[in-house]
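Chemist: Pasted the sequence and its predicted model underneath.
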Amino acid sequence: MKSALLGALCVVVLCIILSLGLWPFHDPPNQVRWMQSSDGIEFGRYGTVLGSGELAGSQTEGDSIEIWVQPDHWLGSATLLALYQPQKSVLFTLNQSLTDLELQIESGSSKTHFYVGEALAPALQQKKAVFITVTSGQAGTSVYRDGVLIMTAPRFSIPPEAFAGRPILGDRPGQPDSFRGQIRGLAIYDRELNAAQVLRHYRSWTGNGAPEIAPEERNIALYLFHEKTGSVIHNHVPGGVDLDIPTRYRVVDKIALEPFWKEFDFSRSYWSGNLKNIVGFLPVGFCFYAWIRAARPTGRAVLLTVVLGFLVSLTIEVLQIFLPTRDSGTTDLFTNVLGTYLGVLCYREIYPMIVRQFPILGFMQATEPQPAASSKHPTHCSS
């Protein structure tokens, strides 16, 4: 009877774990909508905008990006803009990291980045959009906010080939990293803009809804987001790459079981996710260990429970390959197995102490197998 009850509890725990790991079980609608009160688009929980092709390659040693953006919240990280070249394994991203702006370059197996502290703080505190300009050349990279220089990085230069990728707004390729908020303008230049040009663009764009661009500034992409209807965001540079709003949310080139060394990050969201994975699998180790001991007492109950936790985790990670809203990676395999083992330790070390204080909670305690009685009679000494 106790074994059947524990088995039913294990089924309930398994259903909950699978639901948490695989929800919402399908590709949801793409939550991108046109703003009506002003030019721009708004991203919901799962939203992305995809370029119809790759931008023209850079012809100079300098490039610039302007993006007019308003994030909705600061709890976590998200990708504002990605420029992606799968054939060259080159990815450049502008990311929100809490209230900071992060610039990141991935080329093959290498990854470099730097943070601009509090760059997005005014947008979050004052609930208004900020105008971010990134210029890069041989002397390094500069970041402007609302036309004013806020940081320079002499040792961080964005390679020209990074600006020739496929633009993706509000998300990144490989794994979901959805941005929530508004994007009101985007422009890319095949030239490193100077401070006077950055300020002029900020004033004309925020004042008139479009930047005053001189021919020598070599504008290769300009998105004003003033269509307000349809699924196409037009590039106002003749012959340029347009942006498409998909009907369903999807991730470009979704990664299957991403290696843990590539997933590793120092961000708050990374460590928070790992902690949730460990805690989430505590009930798996606790309940399945109790059931195995009750159903068939064996000295390998710990090993069987940990292997079962690994198989459950592997099943989730494999199924997540087909779900655009979920990350499929190997880090979860380690954290989930650790959580399973800690659940076993909780049952073996902590649960007995709780039962001694509250006997009513001892219904899950497995009965220890009794040693077999000896068939030999005691030997009597004869006098």
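Modeler: Nice, thanks for sending it over.
Chemist: in this protein, which helix or strand is least confident?
Modeler: helix 351-357 (a mean of 82; mean pLDDT, DSSP states H and E).
Chemist: export that one as PDB, just CAs?
Modeler: The C-alpha trace of helix 351-357 is given here as PDB (Å, rounded to 0.1, in the frame of the first residue of the first chain):
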ATOM      1  CA  TYR A 351      13.600  13.700   6.800                       C
ATOM      2  CA  PRO A 352      14.200  11.300   9.700                       C
ATOM      3  CA  MET A 353      14.900  14.200  12.100                       C
ATOM      4  CA  ILE A 354      11.600  15.800  11.000                       C
ATOM      5  CA  VAL A 355       9.700  12.600  11.500                       C
ATOM      6  CA  ARG A 356      11.000  12.300  15.100                       C
ATOM      7  CA  GLN A 357       9.600  15.700  15.800                       C
END
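Chemist: That helix: how far from the chain's middle?
Modeler: Its chain's average C-alpha position is 40 Å from that of helix 351-357, according to Cα atoms, centre = their mean, to the nearest Å.
Chemist: For that helix, buried residues please.
Modeler: Neighbour-count burial for helix 351-357 flags Y351 (criterion: 16 or more other Cβ atoms under 10 Å). Bear in mind the C-beta positions are built from the backbone N, C-alpha and C, glycine included.
Chemist: And for stretch 38-58?
Modeler: Residues 39-44, 46-51, 54-56, 58 are the ones in stretch 38-58 that count as buried (16+ other Cβ under 10 Å).
Chemist: just to revisit the earlier point, just the residues contacting the least confident helix or strand of the chain, thanks.
Modeler: 286, 361-362, 364-365 (Cβ atoms under 8 Å, 6 or more residues apart in numbering).
Chemist: Show me the helices in the stretch 51-200 of the chain, by range?
Modeler: Secondary structure of the stretch 51-200 of the chain (DSSP state H, counting those that start in this stretch): helices located at 121-126, 195-208.
Chemist: is it possible to export these to TSV including mean neighbour count?
Modeler: As requested, these are exported to TSV (neighbours: other Cβ atoms under 10 Å):
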stretch	mean neighbour count
helix 121-126	16
helix 195-208	16
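Chemist: To Y144, which of the ones you listed lies closest?
Modeler: helix 195-208 (5.0 Å; Cβ to Cβ).
Chemist: partner strands of the next helix-or-strand element following the closest one, parallel or antiparallel?
Modeler: Where DSSP states H and E defines the elements, the next helix or strand beyond helix 195-208 is strand 219-223. Sheet pairing for strand 219-223, assigned by DSSP bridges, gives strand 181-189 (antiparallel).
Chemist: and the strand it pairs with, average pLDDT?
Modeler: For strand 181-189, the mean pLDDT works out to 97.
Chemist: who touches that strand?
Modeler: Residues outside strand 181-189 that contact it (Cβ under 8 Å, 6+ apart) are 35, 38-43, 55, 63-73, 80-81, 129, 131, 163, 167, 169-170, 201, 205, 211, 213, 217-225.
Chemist: What subset of those is buried?
Modeler: 39-43, 55, 63-71, 80-81, 129, 131, 163, 167, 169-170, 201, 205, 211, 213, 217-225.
Chemist: What ranges does the stretch 1-150 of the chain have for its strands?
Modeler: Assigned by DSSP state E, counting those that start in this stretch, the strands in the stretch 1-150 of the chain fall at 32-34, 41-43, 49-51, 63-71, 77-85, 90-97, 100-107, 110-116, 130-137, 140-145, 148-153.
Chemist: Thank you, goodbye.
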